[in-house]
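S.K.: Take this sequence and fold it.
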Amino acid sequence: VLNRADGTLSLLEGNTRTDIPIGAEPGGVALSPSGNLAYVTVSSSDEIAVVDLAEKQVVKHISVGHMPWAIAVTDDRDTDDSDEKIIITHRFARLRPDGAEATDDGKEGWLSFIQDDNVKEISLSPYEFGFTNGLESLAISNDTVLVSHLLNQPEEPRDFQNTVSGAVSTVSLTTEQELS
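M.R.: So this is what the prediction gives:
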C-alpha cells in the first residue's frame, strides 16, 4: 500500500505492517512478475524506487523525467525479472520541441520505457483538437500499452466540451512507438 502523506510503501503480512521509506509523493506501484520486487514512482524526485520485498528495503533508484505517475511491468513468462520492461506515464504534458504554449499542438504527453536501467522516452502525438495531458493510468494487453488520459484544447473556442475530454492512446511494446 502506498502512503503518499508519509512517503512509504506499507507491506501487510497477516497482522504485521512494515513501512518502507520511499520518498515524498509516491504515485504508483507495480510488482515484478515474480513478486520479488516492487517498482514505485516517486513524483517529487522524478525517479523510480526499486524495492526488494524480501529484504524490505529500497535497493535502487532510477532517474526518469518530470512527475512519473502510473507504472506497469511486462511479463514474458520466464523466471527472470531483469529482462522485463517497466512502463511509466508522466502525469503532465511537456512542451514539444517545436511547440508553443496555449496551442492545441504545443505540448505532448509522454511515457518512459525502462529496460536494463536504460530509459527511453516515448512521445504521444497531439490530436487534431488538443494534446494529451493528465496521464493517470496505463495497462498492458498483449503487445500493447493502453494509456488513459485527458485531452486539453487551449485554443478557441473555450468551453467545457472543447477544453477537456477523455481519450486512450496506444503504444507498441515491440516497436516502442505510438500506434495510430
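
S.K.: ok, so what distance separates V147 from Q115?
M.R.: Per C-beta to C-beta, to the nearest Å, V147 is found 18 Å from Q115. Placement of C-beta: from N, CA and C, glycine included.

S.K.: neighbour count winner among the two?
M.R.: Remark: of V147 and Q115, V147 carries more neighbours, 25 against 15, as counted by other C-beta atoms under 10 Å.

S.K.: what sits up against the host helix or strand of that one?
M.R.: Assigned by DSSP states H and E, V147 belongs to strand 144-152. For strand 144-152, contacts defined as C-beta atoms under 8 Å, 6 or more residues apart in numbering pick out 72, 87, 89, 93, 107, 109, 111, 124, 127, 129-140, 163-173, 179.

S.K.: Make a PyMOL selection of the buried ones in those.
M.R.: Filtering those down to the buried ones (16 or more other C-beta atoms under 10 Å) takes a single PyMOL command:
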select buried, resi 72+87+89+93+107+109+111+124+127+130+131+132+133+134+135+138+140+169+171
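
S.K.: Next step: the contacts of strand 144-152 restricted to strands.
M.R.: Here DSSP state E is the test, and those give 72, 87, 89, 107, 109, 111, 124, 131-140, 164-172 as lying in strands.

S.K.: Leaving out the residues flanking it, which one is nearest to L173?
M.R.: D143 (4.9 Å; C-beta to C-beta, 6 or more residues apart in numbering).

S.K.: which stretches of the chain form helices?
M.R.: 160-163 (DSSP state H).

S.K.: Now tell me which helix or strand of it has the poorest mean pLDDT.
M.R.: helix 160-163 (a mean of 57; mean pLDDT, DSSP states H and E).
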